[in-house]
Structure formats: C-alpha cells, structure tokens
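Chemist: give me a model of this one.
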Amino acid sequence: MDGQFLEIYNETINDLLGKGEFDKKKHEIKHDKSGTRVTDVNVMPLPSPAYVTSLLRVANSRRTVAAP
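Modeler: Residues are numbered from 1 along each chain as shown. Here you go, the predicted structure:
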C-alpha cells in the first residue's frame, strides 16, 4: 500500500511529504481516464502501521497554520 499527504491552503497544493520544510513545486490536479491525480507529489510505501504514524507526524508538522 502507498500513501501521500497533501494540503490545500490559499488555493495552493502543498506536498507535506516533500523534501525540506515545504515543497516549492507547483502541483496541479489532473483528470484523465485512469482517474484523478495530483502532479509531482511524493508517494510513500506504507509497510507498517508504525511507519504510517511516523509519516503522519512529519506531515502534520509541515501543515500551514494561520496565526491566531
């Protein structure tokens, strides 16, 4: 099984599993006969529940949060 973690913030798609603090690539949503996908995102193998948990922690730490 594979997974990815994306965020849409201010009409921008961010790959939260990309390299560095933020992935600066321009991502687009594409629709074709095989389905809907987002371009240039990291897709990670998910070999165990523990690994999923660690990826979720990393991705969550990279989310954009508005200042209070």
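Chemist: show me where the chain has helices.
Modeler: Along the chain, the segments classed as helices by DSSP state H run 49-61.
Chemist: any low-confidence regions in it?
Modeler: 20-24, 67-68 (pLDDT under 70).
Chemist: 90 - rerun?
Modeler: 8-14, 16-28, 39-42, 58-68 (pLDDT under 90).
Chemist: what are the ranges of the strands in it?
Modeler: 2-3, 6-9, 12-15, 29-32, 35-38, 44-45 (DSSP state E).
Chemist: between these, which one is nearest to Val65?
Modeler: strand 6-9 (9.4 Å; CB to CB). Where C-beta positions appear, they are placed from N, C-alpha and C, glycine not excepted.
Chemist: spit out the contact partners of the closest residue in space to His27 that isn't next to it in sequence.
Modeler: Once flanking residues are discounted, His27 sits nearest to Ile13: 4.0 Å by CB to CB, 6 or more residues apart in numbering. Counting by CB atoms under 8 Å, 6 or more residues apart in numbering, Ile13 makes contact with 6-7, 27-29, 38.
Chemist: which of the strands of the chain is buried the deepest?
Modeler: strand 12-15 (a mean of 18; mean count of other CB atoms under 10 Å).
Chemist: how far is that one from where the chain is centred?
Modeler: 7 Å (CA atoms, centre = their mean, to the nearest Å).
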